[in-house]
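Engineer: Show me the folded form of this:
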Amino acid sequence: DLLLGFCDANSPGVGSSVTSWRPAHLPPKAEEESEHHRSLVRALERNVQRRLLQEQREEQQRRQREERRERRLQEHTDVWLHELLPSFVPGMEPTQRMQRLWRQGLPPRVREVVWPVAIGNVLRITPELFEIHKQRAVDARRAQVTASNVLITLTDAPPHRGREQSTTCIPFDLPRTFPTLAFFSEGGPLHEDCARILEAYTFFRPDIGYVQGMSYLAAMLLLYLPPYESFVGLCNLLNTPSVLGLYRLEPRAVACRARVFEQLCSQQLPDVCRCIREVGLMPEMFLIDWFLTVFAKCLTVDVASVVWDLFLLDGEVVLYCTAIAILRILEFQLLHPDGRRGLNAAEPDLESCTRVLNEELRKRVSDPDELLWHIAQVRRRAPQRIFGEIRAIENMEFGSQGRVSTRGSIASALTGASFLTAAKERILSRLLP
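Structural biologist: Next comes the predicted model:
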């Protein structure tokens, strides 16, 4: 009504009124012009009302999805804690029922039990070993401070046998790790634990050291596991070909994975594959970042956690299926950057595609159930030769040593069963009422 009053030049007060649509020195509008303007305002009001109703419906649907998901997770939590886990023996292949529930996403409380069991402890890492490497990191940090205080140059310092000095990058990376949570920022509740775990790993594997992206792996584990179990998980996770092969940043390993991704993308999403090729967007520009962090950097914690659930069950194939599933969800935005179809629609370019993958991904890929559904569809339609090529990459990099599984499944070849059984019993006793 107020807008209509603004547009009606014949309404009382028009001319000198501050709210008048028409300046005072102009003659009154013709009736046809006034009616035309009123119709435009009514159309605008209808569009606004329609958009508000659409937003309300979407918000209601989102709440309903969350409520359904919460109910399902609660039901699954009871099943896992009271039926599946008490009888599960670490080192044994998960039952069909367990795998079916696992692929629907683990309840958060269950991850504390299942993730350590799924990753395993093939390296036989003990609490004492963790403390030793933590202390070595502390001693090295003190030595660096002492050296800087007496102005010892780098050439005067004793030579390092590995990449232990890469720990200096950790304080810069931690505040950028899940910044919206603030858990890992300076003074955050998990900042110190995450820093100590990453430093200890650097001294555990000085041949690799700290590499950007590792902070997301340690942070994801710390969100669900205590520090020692997180260190065990990080070390063993980085001992698998799926992860370590990428952190070594060997050109051949990166090229092989990019080739497998392109084959799968051209088979599942030919339009998207052609689009990113034509605009000059190389898969390595986004794929390496996704794989290095197992999607923890580009997705919200809730969504990334279900990807980790699948990855810990089925191995590297999940990385490719998740990447294709994300592109499937973003397909319209990638192909139609201005949201329109037809002759007047804007053509995608490198800038628009990069913006979608960097700025819009987290917002649009926000429903864990939707992503899980797309991942399952991608895997169902993928040709078997793709899985063979993924296994070939693992064999090429590690051969028969350092591998967690002969079929690419992390969960199928667990070792250290006594350690894992004790951990399972300890955690279950705390979780069960």
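
Engineer: For the residue nearest to Glu331 when sequence neighbours are not counted, give its distance to Trp80.
Structural biologist: Distances taken as CB to CB, 6 or more residues apart in numbering place Val272 nearest to Glu331, at 5.5 Å, with adjacent residues excluded. All C-beta spots, glycine's among them, are computed from the backbone N, C-alpha and C. Separation of Val272 from Trp80 (CB to CB, to the nearest Å): 36 Å.

Engineer: more crowded one of the two?
Structural biologist: Neighbour comparison, Val272 and Trp80: the larger count goes to Trp80, with 23 against 20 (by other CB atoms under 10 Å).

Engineer: which one is the more buried one nearest to, not counting chain neighbours?
Structural biologist: Ranked by CB to CB, 6+ apart and with sequence neighbours excluded, the top spatial neighbour of Trp80 is Val110, at 4.5 Å.

Engineer: Run a quick neighbour tally on the one you found.
Structural biologist: 24.

Engineer: Show me where this structure dips below the pLDDT cut-off.
Structural biologist: Scanning the chain with the threshold set as pLDDT under 70 gives 1-22, 144-164, 342-344, 396-433.

Engineer: Where is the longest helix in it?
Structural biologist: Secondary structure of the chain per DSSP state H: the longest helix is helix 31-79.

Engineer: right, and the helix or strand after it?
Structural biologist: The helix or strand immediately downstream of helix 31-79 is helix 96-102, counting by DSSP states H and E.

Engineer: any idea which helix or strand comes after that following helix?
Structural biologist: Note on helix 96-102: by DSSP H and E, the next helix or strand toward the C-terminus is helix 108-119.

Engineer: hang on, the earlier thing: the residue nearest to Glu331 sits in which helix or strand?
Structural biologist: Assessed by DSSP H and E, Val272 sits inside helix 270-278.

Engineer: Leaving out the residues flanking it, which one is nearest to Lys134?
Structural biologist: That would be Ala200: by CB to CB, 6+ apart, it lies 4.7 Å from Lys134.

Engineer: I'd like to know which elements the helix holding Val272 is packed against.
Structural biologist: For helix 270-278, the packing partners by 3 or more CB pairs under 8 Å, 6 or more residues apart in numbering; DSSP states H and E come out as helix 251-268, helix 331-335.

Engineer: In the last one, which residues are buried?
Structural biologist: Read it as helix 331-335. For helix 331-335, the neighbour count (16 or more other CB atoms under 10 Å) marks Gln333, Leu334, Leu335 as buried.

Engineer: Stretch 52-70 now?
Structural biologist: Neighbour-count burial for stretch 52-70 flags Arg69 (criterion: 16+ other CB under 10 Å).

Engineer: contact partners of that stretch?
Structural biologist: For stretch 52-70, the surrounding residues in contact (CB atoms under 8 Å, 6 or more residues apart in numbering) are Asp367, Pro368, Asp369.

Engineer: How about stretch 198-216?
Structural biologist: Stretch 198-216 has contacts (CB under 8 Å, 6+ apart) with 129-130, 133-134, 136-137, 140-141, 160-167, 169-170, 173-174, 176-178, 184, 194, 218, 231, 234-235, 238, 244, 247-249, 289, 292-294, 296-297.

Engineer: Please repeat the previous calculation with a cut-off of 7 Å.
Structural biologist: Contacts to stretch 198-216, defined as CB atoms under 7 Å, 6 or more residues apart in numbering, come from residues 130, 133-134, 136-137, 161-164, 166-167, 169-170, 173-174, 177, 194, 218, 231, 234-235, 247, 292-293, 296-297.

Engineer: can you check stretch 280-293 too?
Structural biologist: Residues external to stretch 280-293 that are found in contact with it (CB under 7 Å, 6+ apart): 213, 216-217, 246-247, 254, 257-258, 261-262, 297-298, 319, 323, 350, 353-354, 357.

Engineer: related to what we said a few turns ago, let me know the angle separating the helix holding Val272 from helix 251-268.
Structural biologist: Put simply, helix 270-278 runs at 140 degrees to helix 251-268, going by axes from the mean of the first three to the mean of the last three CA atoms, to 10 degrees.
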